[in-house]
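Asks: following is a predicted model, sequence given first.
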Amino acid sequence: MSVIINNNEAQPARAQIDPRSYEDLLIIAATIREIAGDRAQADIGIICGSGLGGLGNLIPGFPPLHVPGHKGIMLFGRIAGHRVVCLQGRFHPYEYNMNLALCALPVRVIHQFGVRTLLVSNAAGGINPNFQYGDLMLIKDHIFLPGLAGMSPLVGINDDRFGARFVSVHDSYDRSFRKLALDVATNQGIRVFEGIYVMCGGPQYESPAEVSLFKTVGADALGMSTCHEVTVARQCGIKVLGMSLITNIANLDADNSVEVSHEEVLQAASENGARAAQFVKGILEKLPLA
Ligand SMILES: O=P(O)(O)O[C@@H]1C[C@H](O)[C@@H](CO)O1
Ligand SMILES: Nc1nc2[nH]cnc2c(=O)[nH]1
């Protein structure tokens, strides 16, 4: 039996949560267990990017989602035999005064339920000239701009129960998962690339000069999420597969009038979300059971 926890109905007192407190983490996990009971267990976590909440529809027994960009729901269930928890929506740092520890807290919560593998997705603007609208990019590595600027979720006094003080992120996006995912893409005949994801602070989109800067340093896609979650996942010892859906092509030329909007991003995600979901399903079918 699957279970849904709707954060929009039972609002926790968010302002009172200290995301750096291990005790608060245990309280949050216990609160979810009160609702979900024994079903609050999972080996694999899935974080759905903007408009990609339909990934949660892979869990049998749920009505289909009709609202692209739908946020605030945690689903426990099974996909391809795996025990899965799916977060339909995420906290973006630009919504929470760049409190990255708070925004990454769901990763620590799902780790409490047993998650040791994370599939994280996002909507992103393509920089790589080979990318087309609707392409999927497996994240090979990232440039975590807020983290580099001192806004890492790991900043502050570390409670060792969260993991190491100094975390190595040399292999954040697991190589064997990427290889498996590329094989699935070949079998499904879909366009999937590997590339470098840049997390910007947002919420404004990037100027053409900023896009050019990131292109120069070898970035392939731009977004406003994911890196803080992956950093925390690595601190917990969770293995990660990351993917971006290219929802727009970032503009490099200020004389070229190309406007980006979140509506366009959601539209692109809804047009291409089913393929992304099939891809994720294919990956889960190939991943060995825990
Ligand atoms: O949650 P993701 O990273 O998919 O959301 C992207 C980045 C911004 O929050 C938003 C911009 O349209 O979409
Ligand atoms: N930062 C950023 N985030 C996005 N999310 C979807 N498209 C974009 C984009 O072009 N830039």
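Replies: Cool, the structure landed. Numbering: from 1, shown residues only. Ligands and ions are numbered 1, 2, ... in the order given.
Asks: can you name every helix or strand that the helix or strand that contains A29 contacts?
Replies: Element membership for A29 (DSSP states H and E) is helix 22-36. Judged by 3 or more CB pairs under 8 Å, 6 or more residues apart in numbering; DSSP states H and E, the packing partners of helix 22-36 are strand 3-6, helix 100-112. (Glycine included, C-beta is placed from N, CA and C.)
Asks: buried set for it?
Replies: Buried residues in helix 22-36, counted by 16 or more other CB atoms under 10 Å: L25, I28, A29, I32, A36.
Asks: again, but for stretch 201-217
Replies: G202, Y205, E206, E210, V211, S212, F214, K215.
Asks: which one of the helices and strands packed on helix 22-36 is the most hemmed in?
Replies: With neighbours defined as mean count of other CB atoms under 10 Å, the helices and strands packed on helix 22-36 peak in mean count at helix 100-112, which reaches a mean of 23.
Asks: now that helix against helix 22-36, angle please.
Replies: 50 degrees (axes from the mean of the first three to the mean of the last three CA atoms, to 10 degrees).
Asks: just want the angle from whatever helix or strand comes next after helix 100-112 to helix 100-112.
Replies: Counting by DSSP H and E, the element after helix 100-112 in chain order, helix or strand, is strand 117-126. Put simply, strand 117-126 runs at 140 degrees to helix 100-112, going by the same axes, to 10 degrees.
Asks: output the helix or strand that comes right after strand 117-126 as CSV - backbone C-alpha positions only.
Replies: Using DSSP H and E, the helix or strand that directly follows strand 117-126 along the chain is strand 136-144. Taking C-alpha atoms only, strand 136-144 is exported to CSV below (Å, rounded to 0.1, in the frame of the first residue of the first chain):
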residue,chain,number,x,y,z
LEU,A,136,17.6,15.0,-21.1
MET,A,137,21.0,15.6,-19.6
LEU,A,138,22.5,13.3,-17.0
ILE,A,139,24.4,15.4,-14.6
LYS,A,140,28.0,14.3,-14.7
ASP,A,141,29.3,17.1,-12.4
HIS,A,142,28.1,20.4,-11.1
ILE,A,143,29.1,24.0,-10.4
PHE,A,144,27.5,24.9,-7.2
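Asks: which residues does stretch 168-180 contact?
Replies: 117, 138-142, 194, 230-231, 234, 239-242, 283, 286-287 (CB atoms under 8 Å, 6 or more residues apart in numbering).
Asks: which among those residues count as buried?
Replies: 117, 138-142, 194, 230-231, 234, 239-242, 283, 287.
Asks: so V198: helix, strand or coil?
Replies: Under DSSP: H, G, I helix; E, B strand; the rest coil, V198 falls in the strand class.
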